[in-house]
Structure formats: C-alpha cells, structure tokens
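**Q** dropping the sequence and predicted coords here.
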Amino acid sequence: MPDATLACPDCRASYASSDNYCRQCGMFLVGAQDTALTRVEPRALAEVRPGLPAPVKKLATAVVVGSALQIGLGLARRYLASQGARKVARAAVAKPSRGNKGQALAVQAEQPMTAVSETVVIRRVWLRRG
C-alpha cells in the first residue's frame, strides 16, 4: 500500500518506498529518495602511464599492417600487369624468325588479352533491438 508521506517529485502521486519508478509518470524514484551520506577520504591518484591502451595499439597496428599490404599488393599487381603487357606487345611486334614465320602474330590472334577489374564493397550494419 503506498505511503501518504511519499510523493513523486514530478507528478506528486503517492508511491511505496519499495518502488523504483513512479507508477503515474515513470520518473526514477531511487535517486530522489533520501540516502545516508558517508564521507570518503580522497585517495591519491595513480600515475597515468603514457601511451595508448592495449586494444587501441592492437587496432592501430592492424590498420597500419592492412594498409601496407593493400598498397604493396596494388603496386605488385600494377607491376605484373605492365610486365605482361610489355611481353605481349613485344611478341606482337617482334619479327618472326625463319622457323616461326607468322606464328607470333597467330598466337596473339588466338589468345586475346583480357583485363579483369573487381570492386569489393563491404557494409556492416548494426541493429539494436530492445
């Protein structure tokens, strides 16, 4: 049964001392109740270590390594593609030798050069339920 002496500070509805929230307006009542205060002696603060926390360091390391790998693989791909294009161009322009008359151009015509381009998009969506 609600006590008549306890009234919600927001809507002035009466509530029981065991209630955490007002049944009328929903206000949080535990913070409004009188509590016994005790004096706590201040403690000396521990010295803060310089630098980043361990999880941040690991994340930063992973980002740097991943970026370096992406750049390195991109450069290697470009280099290999340019070397392959040079070989194909040299084979197409090269004069056929006595034994291979016309074979360089015939090989080029049979195997056309193709280029493959890929784009990867990753999207992470976080849903909160509750």
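**A** That came in fine, so what should we check first?
**Q** centre of the chain to the helix or strand hosting residue 82, how far?
**A** Per DSSP states H and E: residue 82 is located in helix 54-93. Using CA atoms, centre = their mean, to the nearest Å, the mean C-alpha position of helix 54-93 is found 22 Å from that of the whole chain.
**Q** outline the domain layout of this structure.
**A** For the chain, the structural domains run 1-33, 59-96, going by automatic domain parsing.
**Q** most packed of the ones you listed?
**A** Mean neighbours per residue, mean count of other CB atoms under 10 Å, is largest over the domains of the chain for domain 1-33, with a mean of 12. In this view, the C-beta of every residue, glycine as well, is placed from N, C-alpha and C.
**Q** are we agreed that residue 6 is in a strand?
**A** Yes - if the criterion is DSSP: H, G, I helix; E, B strand; the rest coil, then residue 6 is within a strand.
**Q** from residue 91, how far out is residue 66?
**A** Here residue 66 is placed at a distance of 37 Å from residue 91 (CB to CB, to the nearest Å).
**Q** no, scratch that, I was asking about residue 53
**A** For residue 53, the distance to residue 91 - CB to CB - is 57 Å.
**Q** so the most centrally placed residue in the chain is in which element?
**A** In the chain, the centroid-proximal residue (CA atoms, centre = their mean) is residue 124; its distance is 8.1 Å. Using DSSP H and E, residue 124 falls within no helix or strand.
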